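Trainee: Below is the structure, and that's it, no one-letter string:
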């Protein structure tokens, strides 16, 4: 049966890999669900009072106290006087308002965003502050890319100043396996069955490790990583936001979908190959353009940044041998009043809306957030996108919405969020 939960994550050494743990199909074996919700909200909105945590998650304050008692004692979380009075605090008693936050001194995360053209490695504290970062062109060969990532991580960890490494998150342009250790297939890179977790083995001191004591490595599809990132951003900046259901459509070089249900990412059948959410490769035009995945007429061939460039120049590439414009250039031309660029973005918006309507009907979730480079052209895409959804069965539903999210599509932020989620669900102490 489908599950929303995480899978086990340890791998063995290169020469003699250990058997992988069976993917978990039930509740997480670490913190209870209420505690996980509190930890996710704490990460998003820190510093935050116990009373506010209880109110927003919908639990008793005693539940918050029980959830954080051990974490405060272990130094994972700290409680200090708030700079501003906490919501609902009784100031008449003269007691200082206290707020909870993660303790930066407790450790740090590594995020690795593997992009089709460029990859980024970054280090961030438990409060989300990025203090080291490096970007490089993604080597075409998977082994070379992993070697480059490993070298970069080793160099950046030297800047951690004695903090302990707690988790590594890797976002990839393709589906990961159920255990979230391997890349199943990254069509734009041509990589298949790549054991990422086993290649990025580091101990808590940030040193390459060949034996036990390794930190957890979590490999995640970049659309799912973007959904985690978008959820944290919205929880952190809007007190009315709850850990709710939404679909995240991430479109840039490719197109992917992340699904959040009740504040938790849905990952499909835990014993399958992690293909849930690969809507970018559903057919929307029968016998249409050839896709890198081998199919024809895939959604991403009509509603992505490369699709916009191909549509702009025309199928015969009548550009006098010039390189097709980048998506941001097409947007700039549209902003400057060029009708051809405007019509291109409108057409891409229509295709995006057609696919979104299919996803809404297929998943039964009516709230959609679009992230990635296509957001730069939202001004021109919004109306045709909404019109396409409105014409479908999805448009007959009450309360459906499609809104823009982060134009960067999360990138490093998504990878770091994957690491944070792996840390939170592992039990923390």
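Mentor: Thanks, I have the structure now. This one's a predicted model, so the numbers in the text were calculated from it and none came from an experiment.
Trainee: Would you map the strands across the chain?
Mentor: Taking DSSP state E as the criterion, the chain carries its strands at 77-81, 98-102, 108-113, 118-125, 130-137, 165-172, 182-186, 191-195, 216-221, 246-251, 255-261, 264-265, 367-371, 401-404.
Trainee: and the nearest residue to residue 258 once chain neighbours are set aside, what does it touch?
Mentor: Distances taken as Cβ to Cβ, 6 or more residues apart in numbering place residue 227 nearest to residue 258, at 3.0 Å, with adjacent residues excluded. Placement of C-beta: from N, CA and C, glycine included. Each residue near residue 227 by Cβ atoms under 8 Å, 6 or more residues apart in numbering is listed here: 246, 248, 250, 258, 259, 260, 265.
Trainee: domains in this protein, as residue ranges please.
Mentor: 106-226+412-425, 240-404 (automatic domain parsing).
Trainee: looking at these, which is buried most?
Mentor: domain 106-226+412-425 (a mean of 21; mean count of other Cβ atoms under 10 Å).
Trainee: so where's this structure uncertain?
Mentor: 1-31, 83-96, 211-213, 238-243, 268-277, 315-322, 409, 427-429 (pLDDT under 70).
Trainee: Chain neighbours aside, what residue packs nearest to residue 378?
Mentor: Leaving aside its chain neighbours, residue 378 sits nearest to residue 404 (4.7 Å; criterion: Cβ to Cβ, 6+ apart).
Trainee: how near is residue 142 to residue 266?
Mentor: If you measure residue 142 against residue 266 using Cβ to Cβ, to the nearest Å, the figure is 27 Å.
Trainee: And for residue 46?
Mentor: Distance, residue 46 to residue 266, by Cβ to Cβ: 26 Å.
Trainee: Surely residue 150 and residue 198 touch.
Mentor: No. If you go by Cβ atoms under 8 Å, residue 150 and residue 198 don't touch, sitting 11.2 Å apart.
Trainee: Need the residues touching each of the two.
Mentor: With Cβ under 8 Å, 6+ apart, residue 150 and residue 198 have no common neighbours.
Trainee: Identify all residues paired with the closest residue to residue 114 other than its chain neighbours through a beta bridge.
Mentor: Among residues not flanking residue 114 along the chain, residue 172 sits closest, at 4.9 Å (Cβ to Cβ, 6+ apart). Bridge pairing for residue 172 (DSSP bridges) gives the partners residue 221.
Trainee: and residue 172, what does it touch?
Mentor: 114, 183, 186, 196, 219, 220, 221, 222.
Trainee: Residue 296: which of the residues you listed is nearest?
Mentor: For the contacts of residue 172, the residue nearest residue 296 by Cβ to Cβ is residue 186; the value is 19.8 Å.
Trainee: From residue 188, how far out is the residue nearest to that closest one when sequence neighbours are not counted?
Mentor: Closest residue to residue 186 in three dimensions, ignoring its sequence neighbours and counting by Cβ to Cβ, 6+ apart: residue 174, at 3.5 Å. As for residue 174, its distance to residue 188 is 8 Å (criterion: Cβ to Cβ).
Trainee: Next: residue 218.
Mentor: Taken as Cβ to Cβ, the span from residue 218 to residue 188 is 21 Å.
Trainee: One more: residue 182?
Mentor: The value you get for residue 182 to residue 188, if Cβ to Cβ is used, is 17 Å.
Trainee: Quick check: residue 127 touching residue 106?
Mentor: No. Between residue 127 and residue 106 there is no contact under Cβ under 8 Å: 10.1 Å.
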